[in-house]
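J.: I would like the atomic coordinates for the input below:
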Amino acid sequence: MDRRDEPIWESAFYHLDACMNAYTDELESLSPGQLIGRAEEIAAAHLCYNELAGKLQGCSDELLEGLLQLDDPLKVLREQWLEEHSTGHGDEFEKVLRTVVDRLHPEHGGMALQ
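T.: Numbering: from 1, shown residues only. Purely as a prediction, here's the structure:
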């Protein structure tokens, strides 16, 4: 039996899809600068939606029921993803900046950036 024929699978998909549609409607009202400022969040939403939509067919009824209990499962997943995968980029950026400065001015190699 194909899980797509089961009402809970369909309900979970339609619920997730409605959340994604509401999210994209919200994004459409933002300015380009606001969109850029939310780029990491938007990427996380896109990833979570695509991953979950592609896996719903194999999810247990228990998991699907849990998703259906959430007002916005996409938002919950997106926020959790960001919490677990977002890191400060300060140290990484400083390393990149040092490399660029060293290439431009080799005589300043190893100099601390202030």
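J.: now Asp71, what's its secondary structure?
T.: Using DSSP: H, G, I helix; E, B strand; the rest coil, the structure places Asp71 in coil.
J.: Torsion angles phi and psi at it?
T.: phi -60, psi -40 (degrees, to the nearest 10).
J.: and what of His105?
T.: Its backbone dihedrals place His105 at phi -140, psi 80, with angles given as degrees, to the nearest 10.
J.: From Arg98, how far off is it?
T.: In this view, His105 and Arg98 are 11 Å apart by Cβ to Cβ, to the nearest Å. The way it works is simple: take the backbone N, C-alpha and C, and place the C-beta from them, glycine included.
J.: now Gly58
T.: Per Cβ to Cβ, Gly58 is found 46 Å from Arg98.
J.: So for Leu70, what's the nearest residue that isn't a sequence neighbour?
T.: Among residues not flanking Leu70 along the chain, Val76 sits closest, at 5.4 Å (Cβ to Cβ, 6 or more residues apart in numbering).
J.: what helix or strand is that neighbour on?
T.: Assigned by DSSP states H and E, Val76 belongs to helix 73-85.
J.: same for that helix, what does it pack against?
T.: Contacts defined by 3 or more Cβ pairs under 8 Å, 6 or more residues apart in numbering; DSSP states H and E place helix 73-85 against helix 7-28, helix 39-55.
J.: Just the buried residues of it, please?
T.: Neighbour counts over helix 73-85 (16 or more other Cβ atoms under 10 Å) mark Pro73, Leu74, Lys75, Leu77, Arg78, Trp81 as buried.
J.: Next secondary structure after that helix?
T.: helix 90-104.
J.: Distance from the lowest-mean-pLDDT helix or strand in the chain to the middle of the chain?
T.: When the helices and strands of the chain are scored by mean pLDDT, DSSP states H and E, helix 90-104 comes last with a mean of 84. When distances are taken as Cα atoms, centre = their mean, to the nearest Å, helix 90-104 is centred 27 Å away from the chain's centroid.
J.: ok, and for that helix, which residues are buried?
T.: For helix 90-104, by 16+ other Cβ under 10 Å, it's Arg98.
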